[in-house]
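Visitor: generate coordinates for the sequence data below:
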Amino acid sequence: MKKNYISIHSSLRAFTLIEVLMATAMFSVLLLAVHSLIGHAINLREKAEYSVRIRQDQTYAMSLIKCDLINITAPSDVITGSFLGEKGGNLKLRRDSVVFHTTTGLPQYGTPWGEIQKIEYSLIEPKDFYPDEPLRQQGYALVRSVYRNLLSSTEELPEMVPLLSNVESVQFTYYDGETWYDSWDSETQDPPLPIAVRMYLIQSVPKTRFGESEDTRYQKKRVAR
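Guide: Modelled structure (predicted):
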C-alpha cells in the first residue's frame, strides 16, 4: 500500500546568521536609546528637585541669618562678647566667618540658658553632615554654630547645624556709615557694631549621578542688617 508523506521543510524557513545578528544589533540600539531617554528624564527630575530644595534652603538660611543680625546685642565684658568678622580664602572664593551674640535663643523649661546666645557662621567640610548624600558633599557646608552656656569656664562644644551645602564662597562685608570693610573687630572699631552687614554667597549646582556636560551654575544671595 502506498503512503503519502507531507514534507514540513517546504513550509518552514529558518533565520540565517546574518539576520539574527542584524536583529540583535537593532534591538541593542533600541535599548540604548530607551536607556538614554530614561536616564535624561531622571536627570532632569533630579535637577528640578534639587533646584527646589536649594531655593528652600537658601530662603530659610537667609531669614535665619537676618533674624540673628537684627537681634544682635552690644558687646560687653560679662555675657555678650565682641563682634568679630574674619576674612578668609582668596580674592575669587572667600571663606569668611563671623561671630557675635544675639537674643534669638529660646529659653526652655529645665535648662539654665536664657535668650542670649553666641552665634558663629562659617564654612566647614560637608562630609560629617551629609555622609550618605554625595550630591551635597561638593564644596563646603555653611554651618551655624550655637553656644548657649556663656558663663562656662571651659570651652563648650557648640551645637552645629548645617544650613546650606555645596557652598563655594561666602563673603561678609561690614558698613560703619561711610565705608564697607572686609573684616570687623568690635574692640578696635568705632562704633563697636557695624551699621549694616552684607553677605554674598556662591552656591554650586552639582552634577547628578548621570553626569552633565553644561557648566556649573551659581546662585547668589544677599542679606543685610
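
Visitor: list the contacts for the residue nearest to the spatial centre of the chain?
Guide: In the chain, the centroid-proximal residue (CA atoms, centre = their mean) is S165; its distance is 1.7 Å. By CB atoms under 8 Å, 6 or more residues apart in numbering, the contact list for S165 reads D57, P126, F129, Y130, E133, R136, Q137, Q138, G139, A141. Heads up, the C-betas are built off the backbone N, CA and C, glycines and all.

Visitor: which residue packs closest to the last one, ignoring adjacent ones?
Guide: In space, A141 comes closest to P126 once its chain neighbours are excluded; the distance is 4.0 Å by CB to CB, 6 or more residues apart in numbering.

Visitor: part of a strand, is the residue nearest to the centre of the chain?
Guide: Yes: counting by DSSP: H, G, I helix; E, B strand; the rest coil, one finds S165 located in a strand.

Visitor: ok, now how distant is it from N43?
Guide: Separation of S165 from N43 (CB to CB, to the nearest Å): 19 Å.

Visitor: strands of this structure, start to end?
Guide: Secondary structure of the chain, counting by DSSP state E: strands at 84-86, 97-102, 117-124, 140-147, 159-175, 180-181, 184-185, 196-204, 218-224.

Visitor: adding mean pLDDT and distance to S63, write those out as TSV.
Guide: Compiled in TSV, the strands of the chain are given as follows (pLDDT from 0 to 100; distance: least, CB to CB, whole Å):
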stretch	mean pLDDT	distance to S63
strand 84-86	96	20
strand 97-102	95	14
strand 117-124	94	14
strand 140-147	93	12
strand 159-175	92	10
strand 180-181	94	23
strand 184-185	96	22
strand 196-204	89	12
strand 218-224	50	8
